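[1] pasting a predicted model and its sequence here:
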Amino acid sequence: MAFSPIIIANEEPTINIAMHIEPPFSDIVDGEFVGENIEIGKALAAKAGKKAHFVYCPIARCFSLMQAGQADMIIAVRKTALREEFITYLTPPIKIQHLPLRFYIRTSNDIVLDSYEDLQPLRIGVLRGASYFDKFDHDTQISKIPLTTHQQLIDMLLKGRIDTFLEREESITPLVDKNVYSAGIKLAKFSYDKGVGSYIAISKRSPLATEITNLSHSLQALFDNGEMQRIISNTKKSN
């Protein structure tokens, strides 16, 4: 009686990447993840000899997954002391974000928002779990309305349920009809325009926590060989 040997294929190690939707950087089109952050995640995983697997989650849920070690990686996040308790940042940052955070107001609203102090009486929409800038993040005297997605921020503003919200224009314009954007929404005079590092981070409870140095070297290699710039340039062209 002949026996055939049992061959067990070695599965390619996988990086589970927590990914929220923020067009044009990350989106789901026809059931597929697309966008700049998606391509960066794939490239970094490949450089490290692994496969990228993306897990959709609203931003607050993404950080919960990272804190629990149920996701290994998150892409394009700001450094904060609170987050550093449960994630480790790779170096270098994938970019320094220079585009300003703008405050959005309904065109029909006569709100004056020319300075930070003008935020005091307003209902301000924010993404639950997001970080914007230190003064705003730690200000307990202003009213912040936490919402789950950018689309909810837009809808709540247009319905008059919040007075304003803040975000970079490149993350909002893809979500709003051009006619609605031009007729129903205006930008406040006040904005926050200091450069902010955008990082890839690893959960401290992930098996990848022991590979921080190697992953940072792989990330640096994407810059050194020009692949990072090609990803950013190609995704900008496609948008």
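    On my side now, so go ahead.
[2] next, the most centrally placed residue in the chain: phi, psi?
    In the chain, the centroid-proximal residue (Cα atoms, centre = their mean) is Ala76; its distance is 5.0 Å. Backbone geometry at Ala76, expressed as degrees, to the nearest 10, gives phi 70, psi 60.
[3] which residue sits closest to it, ignoring its sequence neighbours?
    The shortest distance from Ala76 to any non-neighbouring residue, by Cβ to Cβ, 6 or more residues apart in numbering, is to Ser198 (4.7 Å). In short, each C-beta sits where N, CA and C put it, glycine included.
[4] so who does the one you found touch?
    Listed by Cβ atoms under 8 Å, 6 or more residues apart in numbering, the contact set of Ser198 reads Ala76, Val77, Arg78, Pro93, Ile94, Lys95, Ile96, Gln97.
[5] mind redoing it with 6 Å?
    With contacts defined as Cβ atoms under 6 Å, 6 or more residues apart in numbering, Ser198 is in contact with Ala76, Pro93, Ile94, Lys95, Gln97.
[6] mind listing what the last one touches?
    Read it as Gln97. Counted by Cβ under 6 Å, 6+ apart, Gln97 has contacts Val196, Ser198.
[7] bridging residues for the residue nearest to Ala76?
    According to DSSP bridges, the partner residues bridging Ser198 are Lys95.
[8] measure it to Glu22 for me?
    As judged by Cβ to Cβ, to the nearest Å, Ser198 and Glu22 stand 11 Å apart.
[9] could you do Ala183 as well?
    With Cβ to Cβ as the criterion, Ala183 and Glu22 are 24 Å apart.
[10] ok, these two, which is more surrounded?
    Between Ala183 and Glu22, Glu22 has the larger neighbour count (other Cβ atoms under 10 Å), namely 24 against 11.
[11] doesn't Ile172 make contact with the more buried one?
    No: shown here, Glu22 and Ile172 do not form a contact pair, counting by Cβ atoms under 6 Å, at 9.8 Å.
[12] from Asp193, how far off is Tyr199?
    20 Å.
[13] the more surrounded of those two?
    Tyr199 (22 against 11).
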